[in-house]
Structure formats: C-alpha cells, structure tokens
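A.B. asks: Sequence plus the predicted model coming up.
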Amino acid sequence: MKDKIIYQSLVDGRQAGQKKLAVLLDPDNGSEAVVQRLVYLAVKAKVDYFFVGGSLVTNATIGNWIQHIKTLCNIPVIIFPGSVFQVSPQADALFFLSLVSGRNPELLIGQHVIAAPLIRQMNIEVMPTAYMLIDGGVPTTVSYISNSTPIPADKPQIAVCTAMAADMLGMRIIYMDSGSGAQKPISDAMITAVSQNINLPLIVGGGIRTPKQAALSCQAGADVVVVGNALEKDPTLMLELAAAVHECSLPIIK
Ligand code: 1GP
C-alpha cells in the first residue's frame with residue numbers, strides 16, 4: 001500500500017488552517033470534452049482534489065476514466081466509492097468509507113470485507129473514513145441506495161457523538177455529506193460542533209452551490225468543501241468557488 005501522502009496533506013491542511021476545495025466528478029456525466037473543460041478550469045482555479053465516484057455509477061470503466069484525468073493534470077484523484085465496483089488502482093487514494101450514520105451492516109463492514117483483498121493488491125493509499133449522511137431536506141440517491149436514515153439536520157449532538165465513536169474506532173477522516181443535490185447544505189452549527197470536538201480532517205459536502213455557502217462552511221470548521229452538482233451545471237463557477245474557499249485559510253506565517 002502507498003505512503004500516506006494524501007492523508008498527510010489533509011492533516012497538514014487542518015493543522016495550518018488551510019481550506020481546500022474538492023470537485024466531485026461523476027464518471028457517468030463525463031464526455032471527454034466535458035471532463036477536459038472541468039480539468040482545465042480546476043487547474044486554473046488551483047482546485048486541491050478531485051473526488052471520483054458516487055452512490056450509483058453505471059460507467060464500468062472507471063479506471064480508464066481516472067487515467068484520462070491523470071493524463072490531463074496533477075491534481076490528486078481520490079476515489080469516493082459507492083460500491084466495491086468503484087475501486088481502481090489508477091487513483092492516488094481511496095476513501096475506505098464506513099457509513100457510520102446508518103445501521104446498514106453492508107455499508108458499515110460488509111462491502112469492506114469483499115473489497116479488502118482487492119484493495120490490498122492495488123498500489124493505492126487507503127484512508128479509513130467515517131462517512132456521515134446528514135438530512136439535506138430531500139431524499140437523495142445516497143439515502144435511497146444506502147437504505148439508511150440520515151442524521152437529523154438539527155441534531156448536532158448526534159453528529160458529534162457519531163464522529164467521536166468513529167474516531168475511537170480508529171477512523172482517520174470525518175466526511176459529512178447531505179448527499180448530492182441536497183436542498184439544504186449542512187448547517188454551520190453542526191459543522192462547528194463536529195470540528196470543535198474531533199481533531200480529524202473534516203470534509204463537508206452536499207448542496208453547496210455558491211461561493212458564499214462554501215466560505216460559510218469553511219468558516220464553520222470544514223477543512224475541505226466538496227462541490228459536484230453546481231459545477232456540473234456551471235463549470236465557470238470553479239474559479240470563484242476556489243477563491244472563496246482558499247481565502248478562508250489562515251495566513252501563512254513565514
Ligand atoms: C459530495 O454529495 C457531495 O460529498 C456533492 O454534493 O453534488 O450537491 O455538490 P453536490
């Protein structure tokens with residue numbers, strides 16, 4: 001397994017107060033021209049990571065697709081797998097996600113047992129990640145496919161206790177998601193509560209559509225903000241989004 005290069009960048013970012021933007025790329029929505037344009041804009045905007053995957057992906061050649069992105073840029077590609085079919089050695093790292101907000105054993109440990117021997121054979125960095133689904137106001141693909149109940153949006157304490165348990169179980173990243181296309185992004189109060197109580201890199205996504213919202217999530221305590229849908233609709237938003245996120249970083253003291 002590869003050294004912890006990507007994970008270290010997340011830890012260093014959190015410690016230094018550097019805020020980062022991740023762009024979620026959906027392998028099902030990617031003609032070559034569309035991907036090329038998104039990558040071009042991401043390089044220009046200094047996007048920090050690409051996340052690739054989703055709860056329902058029908059593209060059977062995710063590895064080739066990642067390879068294509070890798071030939072276009074140096075932005076690290078991290079797999080955000082919805083299932084064992086989305087594991088590929090072409091990426092730089094993989095979120096080894098356990099859906100700790102739910103009580104579906106398949107997504108807590110079942111799929112992991114199936115994926116573990118395959119992943120071991122791949123030269124890929126594996127990042128144990130607590131994935132917490134938060135209610136975003138509408139049913140999302142992830143809530144439907146995962147067959148799990150999201151954490152209520154107005155219960156930050158449940159989110160804190162869930163993240164605390166995940167930390168004690170040895171997971172190294174907290175990923176709070178209200179699901180792609182969520183009506184409401186995760187509240188600032190919930191982000192702050194988790195960020196103040198758990199000292200692990202905190203990734204926040206779902207329903208973030210504007211630079212202002214991205215900045216608010218960073219100010220509340222997110223270390224990495226993830227945007228998917230909004231950039232699929234308007235890729236030119238990338239520059240403003242990245243600027244809004246990066247401007248929330250603490251100044252670098254030399
Ligand atoms: C990734 O679910 C998010 O964690 C992405 O959500 O597509 O709503 O930006 P959006």
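C.D. replies: Arrived safely.
A.B. asks: which ones are touching the nearest residue to residue 247 once chain neighbours are set aside?
C.D. replies: Closest residue to residue 247 in three dimensions, ignoring its sequence neighbours and counting by Cβ to Cβ, 6 or more residues apart in numbering: residue 215, at 7.2 Å. Placement of C-beta: from N, CA and C, glycine included. Contact criterion Cβ atoms under 8 Å, 6 or more residues apart in numbering gives 244, 245, 247, 248 as the residues in contact with residue 215.
A.B. asks: which of those residues tops the neighbour count?
C.D. replies: The most crowded member of the contacts of residue 215, judged by other Cβ atoms under 10 Å, is residue 245 (28 neighbours).
A.B. asks: Secondary structure element for it, which one?
C.D. replies: Using DSSP states H and E, the secondary-structure element containing residue 245 is helix 237-246.
A.B. asks: Could you tell me whether residue 98 really is in a strand?
C.D. replies: Yes: under the criterion used here (DSSP: H, G, I helix; E, B strand; the rest coil), residue 98 sits inside a strand.
A.B. asks: what's the pLDDT at the spatially closest residue to residue 200 that is not a sequence neighbour?
C.D. replies: Distances taken as Cβ to Cβ, 6+ apart place residue 174 nearest to residue 200, at 5.3 Å, with adjacent residues excluded. Listed pLDDT for residue 174 reads 98.
A.B. asks: residue contacts, residue 174?
C.D. replies: For residue 174, the residues meeting the contact criterion (Cβ under 8 Å, 6+ apart) are 129, 130, 132, 163, 166, 167, 194, 198, 200, 201, 202, 203.
A.B. asks: Does it belong to a helix, a strand or coil?
C.D. replies: Judged by three-state DSSP, the three-state class of residue 174 is strand.
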